[in-house]
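Asker: Structural data only, the sequence is not supplied:
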């Protein structure tokens, strides 16, 4: 593909000296630019090259002051139009990414058993593109070629643009944070949690000798919190910890209730205005800040206090400097 700087480099270079020498003479510079334009139009390139929009805007802005006043208005409208089109396409692209992510998001709880990576989420986001790449490189109807698929999919991933890989990374991060859709939780819990919890407890006990008492709670479809206790099987004929004594029974019951209350309690929002109020400081007769006690204060309040003290001291210092200078 032809490159504009290579195609016209000799022609443009031949006018550089004249254009520099005409600094301050707008009429002469306009004549030089008109002559350059005429020369370029007489020798069109062999292949048309569309410059990036940002570069086109930069070139137009560079030469804008050299144009006649009436042409400047037209040029400014063109620049404005280019920028508006660019912004609109960017918005459409962003909206397209959101729609693609929403459509590709897994709907089964089992799909979230392993954390998503950019590679695994990308296979869902760009599934049609991936499948076409695969079909072009092997006979997908022949079971004997299935072994080639992993290698081909890896090649496809490596061929993706950086922007698509970044989009896949953002989707993976979002899916891992949100987890499976809420409506799938209860069924997956009833089907898998007992065996998964028992396997975890047994593995930890076998490998580390640890005794585990585990509270597990989740929200059922009726918005009620379901609670269950799992623990390491008793040894040497002992009862389980949750049934061993009245204190242990009471501990388990209180633990269940405490966890339920915790899950049902709405988070308390911090009063930012109150923190700001606590960060106020007082000044002495000379305007110097007094250091307030901040033992026991929240870290954010301590930071605000330190900032307020330095700002006040800074103001006093420069006031003294101004008085001394005068």
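Answerer: Yep, it's here. Being a predicted model, the structure only gives us computed values, none of them experimental. Residues are numbered from 1 along each chain as shown.
Asker: residue ranges of the helices in the stretch 151-300 of the chain, please?
Answerer: Per DSSP state H, counting those that start in this stretch, the stretch 151-300 of the chain carries helices over the ranges 162-178, 185-208, 241-244, 246-264, 272-278, 299-325.
Asker: distance between stretch 191-200 and the chain's centre?
Answerer: Offset of stretch 191-200 from its chain centre (C-alpha atoms, centre = their mean, to the nearest Å): 34 Å.
Asker: does residue 112 really touch residue 121, like I thought?
Answerer: No. With contact defined as C-beta atoms under 8 Å, residue 112 does not reach residue 121; the gap is 11.5 Å. From N, CA and C alone the C-beta is placed, and that goes for glycine too.
Asker: who's more crowded, the two?
Answerer: Taking neighbours as other C-beta atoms under 10 Å, residue 112 and residue 121 compare with residue 121 leading, 24 against 17.
Asker: Quick check, pLDDT for that one.
Answerer: Confidence at residue 121, expressed as pLDDT, is 95.
Asker: So the chain: which segments form each domain?
Answerer: 4-88, 105-180, 183-264, 272-325 (automatic domain parsing).
Asker: Output those in a markdown table; the columns should cover distance to residue 97.
Answerer: Compiled in a markdown table, the domains of the chain are given as follows (distance: least, C-beta to C-beta, whole Å):
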| stretch | distance to residue 97 |
| --- | --- |
| domain 4-88 | 15 |
| domain 105-180 | 6 |
| domain 183-264 | 25 |
| domain 272-325 | 33 |
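Asker: Out of the ones you listed, which one sits most buried?
Answerer: Looking across the domains of the chain with neighbours counted as mean count of other C-beta atoms under 10 Å, the highest average goes to domain 105-180: a mean of 14.
Asker: that older thread, and the helices of the stretch 151-300 of the chain, which one is worst for confidence?
Answerer: Among those, helix 272-278 scores lowest, at a mean of 49.
Asker: if we can go back for a sec, need the overlap of contacts for residue 112 and residue 121.
Answerer: Common contacts of residue 112 and residue 121 (C-beta atoms under 8 Å, 6 or more residues apart in numbering): residue 175.
Asker: Indicate which one of the domains of the chain is closest to residue 98.
Answerer: Counting by C-beta to C-beta, residue 98 lies closest to domain 105-180 out of those; the figure is 10.1 Å.
Asker: What is the end-to-end distance of that closest one?
Answerer: Domain 105-180 has its terminal residues 9 Å apart, counting by C-alpha to C-alpha, to the nearest Å.
Asker: same deal with stretch 120-140?
Answerer: 20 Å.
Asker: Show residues contacting that stretch.
Answerer: Stretch 120-140 has contacts (C-beta under 8 Å, 6+ apart) with 100-101, 104-106, 145, 148-149, 152-153, 155-157, 159-160, 164-165, 167-169, 171-172, 175.
Asker: excluding its backbone neighbours, what's nearest the residue most central in space within the chain?
Answerer: The centroid of the chain falls nearest to residue 170 when counting by C-alpha atoms, centre = their mean (5.8 Å). Leaving aside its chain neighbours, residue 170 sits nearest to residue 101 (7.8 Å; criterion: C-beta to C-beta, 6 or more residues apart in numbering).
Asker: between the helices of the stretch 151-300 of the chain, which one is nearest to residue 220?
Answerer: Among these, helix 185-208 comes nearest to residue 220, with 5.6 Å by C-beta to C-beta.
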